[in-house]
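# Structure of the sequence below:
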Amino acid sequence: MRPALALASLSLIFLSGAVAAPKPPSIEGTYRLVSRDFPDGSKQVPPAVNGLITYTKGYRNFNIYWKDAGGKLFSVSYVATYQLTPKEYREKSIFFQVNDEIGGKGVSYDLSDQSAASPVSITGMRVQMQMPLHGEPEVAFEGNKMTATGKGVFGTFVDHWERVP
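Numbers count the residues shown, from 1 in each chain. You can find the predicted model right below:
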């Protein structure tokens, strides 16, 4: 009788949805930009390009800058809330600032509280998603590394990031 009772209990748990969906691997931590690769095979490293991104439980803080050949700067500072589930990455913007000396546009701010989501792909310990706001790149986290592949608003590149202790 006991095996039947255990099976009935398990069936009830599954039917009631009491079993939690598996959690995605954690992306929490601070990552430092190591290098940027361009389609022509060239590479930028600090101090020509530099950045830091931090994910906490629910917040993302992102800062990056790069220089063109003439020494003009482009920088982005961004703060947002986020949620990561096995199926979706959702973000709500708090503060977004761009300083575009390269394009001659100067500083611009977006203080709207827009939000958006994108699907998440998880393969083993690799978490991949398109950042859903502000034309940001597709990102992939695996272990202590993150890559960002940009194809659009901010140019075409692959950034290599490493989690710092």
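# The nearest residue to Lys151 once chain neighbours are set aside: how many residues sit nearby?
Once flanking residues are discounted, Lys151 sits nearest to Pro137: 7.2 Å by C-beta to C-beta, 6 or more residues apart in numbering. C-beta: built from backbone N, CA, C; applies to glycine. Pro137 has 20 neighbours, counted by other C-beta atoms under 10 Å.
# Could you check how far Pro137 is from Val98?
When C-beta to C-beta, to the nearest Å is the yardstick, Pro137 and Val98 sit 15 Å from each other.
# do the same with Val79
Distance, Val79 to Val98, by C-beta to C-beta: 13 Å.
# so Leu33 sits right up against Gly51, yeah?
Yes: counting by C-beta atoms under 8 Å, Gly51 is a contact partner of Leu33 at 3.7 Å.
# Overlap in contacts, these two.
Residues touching both Leu33 and Gly51 (C-beta atoms under 8 Å, 6 or more residues apart in numbering) are 64, 159, 161.
# in its sheet, what does the helix or strand harbouring the last one sit against?
For Trp161, the element it lies in under DSSP states H and E is strand 155-163. Strand 155-163 has the following sheet partners, assigned by DSSP bridges: strand 29-37 (antiparallel), strand 145-152 (antiparallel).
# so how far is that strand off the chain centroid?
Strand 155-163 has its C-alpha centroid displaced from the chain centroid by 11 Å (C-alpha atoms, centre = their mean, to the nearest Å).
# who touches that strand?
With C-beta under 8 Å, 6+ apart as the criterion, strand 155-163 contacts 29-39, 49, 51, 53, 137, 144-150.
# Tell me the buried residues in that strand?
Neighbour-count burial for strand 155-163 flags 157-161, 163 (criterion: 16 or more other C-beta atoms under 10 Å).
# swap in stretch 45-65?
The neighbour-count check on stretch 45-65 (16+ other C-beta under 10 Å) flags 49-51, 53, 55, 60-65 as buried.
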